[in-house]
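Peer 1: fold the following for me, if possible:
(chains A, B, C and D)
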Number of protein chains: 2
Amino acid sequence: MSPTETRWLDADQQATWRAFIVGSTLLMDTLDRELRQEHDISLGEYEILVRLSESPDRTLRMAKIAESMRHSRSRVTHTVSRMEKDGLIRRIAATDDKRGVDAIMTDKGWELLQAAAHTHVSGVRAHFVDLADRADYAALGRVMNSVSDQLVAENPTFEDIR
Amino acid sequence: MSPTETRWLDADQQATWRAFIVGSTLLMDTLDRELRQEHDISLGEYEILVRLSESPDRTLRMAKIAESMRHSRSRVTHTVSRMEKDGLIRRIAATDDKRGVDAIMTDKGWELLQAAAHTHVSGVRAHFVDLADRADYAALGRVMNSVSDQLVAENPTFEDIR
DNA sequence: CAGAGATAGTTGACACTTCAACAAAGCGTG
DNA sequence: CACGCTTTGTTGAAGTGTCAACTATCTCTG
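Peer 2: Purely as a prediction, here's the structure:
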């Protein structure tokens, strides 16, 4: 924040940081493209289906979806609207809280998920999980978890605003 | 590819994978927002300025920019067009290859980079580098490097098409 | 229990990315 | 040297994400 002296990254740190940017961009783009090409669904849409599939009655409040993916409510509204148009999800007003809306995975959504899951998991393995040894992979998990924890802790608004 | 049995991820792998998605999304979004708020520039635009600053004469061919960031040519054209309109970059036809176009960072671009670099590096440290111990960070670098290598090797078209 | 403020979700405008089609210039082999 | 093929870069449309404004509902406090 304050314009104190900048602590630059050393060469190693810089290299790792750049590897992270390029690698994660490439990885996400690839997984997204594979899903689109083979099942006409984006990675984001797939992730929503996964979360619904893990919920009782394949149902989840819009807010819960947004929260667990750390996407904005607005983004979830747009995405779910598209998926509803495609017949993958249905929306009904929540019974308890009249402001709320429940997203429910349709049978068509369920079937698509079954098919897409294979593609996705294979991709994640081929392009990511199976490339690293267990220890390195675990280390990566630790780092990414602390990134999330720190950002959420530091900026509590992440829970709601985004 | 072939619909053989799916080798699912175990719980640990799944957790790490999800941490990666959520963490990297959160991280990139945060760094992007910080740059926008404080300097009216996106992370992608910033990255272009960095690359130009590292090149002789602060000049780089459009294709080289696209290649090093692994963005599509089209994306680079659009982004550079916006930056040109903002006076951060100038474009001139390449002298040698008449198809080519050189992007040149202006003084205004250079000054913006100086200011933005502090914000960016501080953010990268605070939200990423300084959170992990050296060993975990190095492991992450190894993983992300093999991700890139594997994807580029497997799909040579990445060099040009994207 | 009234009013203020928080929360859920949607909407529309705008920004950015992708994709396919395209023009212009270089390259390579007969 | 001419033809086809590749490479460079741009364009415009369609898709997706962000942001700010808005409605409706809920909750808390005096």
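Peer 1: hey, let's count contacts and neighbours off CA atoms from now on
Peer 2: OK.
Peer 1: and the longest helix along chain A, is it in reach of DNA strand C?
Peer 2: In terms of residue count, the longest helix belonging to chain A (DSSP state H) is helix A:11-39. Yes: contact of helix A:11-39 with DNA strand C (CA under 7 Å from any atom of the strand) involves A:29, A:33.
Peer 1: so what does that helix touch, helix or strand wise?
Peer 2: Contacts defined by 3 or more CA pairs under 8 Å, 6 or more residues apart in numbering or on different chains; DSSP states H and E place helix A:11-39 against helix A:43-53, helix A:107-127, helix B:134-154.
Peer 1: that helix: how far from the chain's middle?
Peer 2: Mean-position distance between helix A:11-39 and its chain equals 14 Å (CA atoms, centre = their mean, to the nearest Å).
Peer 1: that one vs helix A:43-53, what angle?
Peer 2: For helix A:11-39 against helix A:43-53, the angle by axes from the mean of the first three to the mean of the last three CA atoms, to 10 degrees is 70 degrees.
Peer 1: and helix A:11-39, what's its mean pLDDT?
Peer 2: Here helix A:11-39 scores 90 as its mean pLDDT.
Peer 1: that one vs DNA strand D: in contact?
Peer 2: No: counting by CA under 7 Å from any atom of the strand, DNA strand D is not contacted by helix A:11-39; separation bottoms out at 8.3 Å.
Peer 1: of the helices and strands packed on helix A:11-39, which is nearest DNA strand C?
Peer 2: Closest approach to DNA strand C among the helices and strands packed on helix A:11-39 (CA to the nearest atom of the strand): helix A:43-53, 11.9 Å.
Peer 1: ok, back up a step: nearest to DNA strand D, out of the helices and strands packed on helix A:11-39?
Peer 2: helix A:43-53 (5.9 Å).
Peer 1: and the contacts of the closest one?
Peer 2: A:31-32, A:35-36, A:58-60, A:65, A:79-80, A:83, A:104-105, A:109-110, A:113, A:116 (CA atoms under 8 Å, 6 or more residues apart in numbering or on different chains).
Peer 1: angle of the one helix or strand residue A:68 maps to against helix B:11-39?
Peer 2: If you go by DSSP states H and E, residue A:68 is part of helix A:62-69. For helix A:62-69 against helix B:11-39, the angle by the same axes, to 10 degrees is 100 degrees.
Peer 1: tell me which residues of helix A:62-69 are tucked away?
Peer 2: By 16 or more other CA atoms under 10 Å in any protein chain shown, the buried positions in helix A:62-69 come out as A:62-63, A:65-67, A:69.
Peer 1: re earlier: between the longest helix of chain A and helix A:107-127, how many degrees?
Peer 2: Using the same axes, to 10 degrees, helix A:11-39 lies at 140 degrees relative to helix A:107-127.
Peer 1: coming back round to it: mean neighbour count and mean pLDDT added to the helices and strands packed on helix A:11-39, as a markdown table?
Peer 2: Listed next are these as a markdown table, based on neighbours: other CA atoms under 10 Å in any protein chain shown; pLDDT from 0 to 100:
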| stretch | mean neighbour count | mean pLDDT |
| --- | --- | --- |
| helix A:43-53 | 19 | 96 |
| helix A:107-127 | 18 | 94 |
| helix B:134-154 | 19 | 90 |
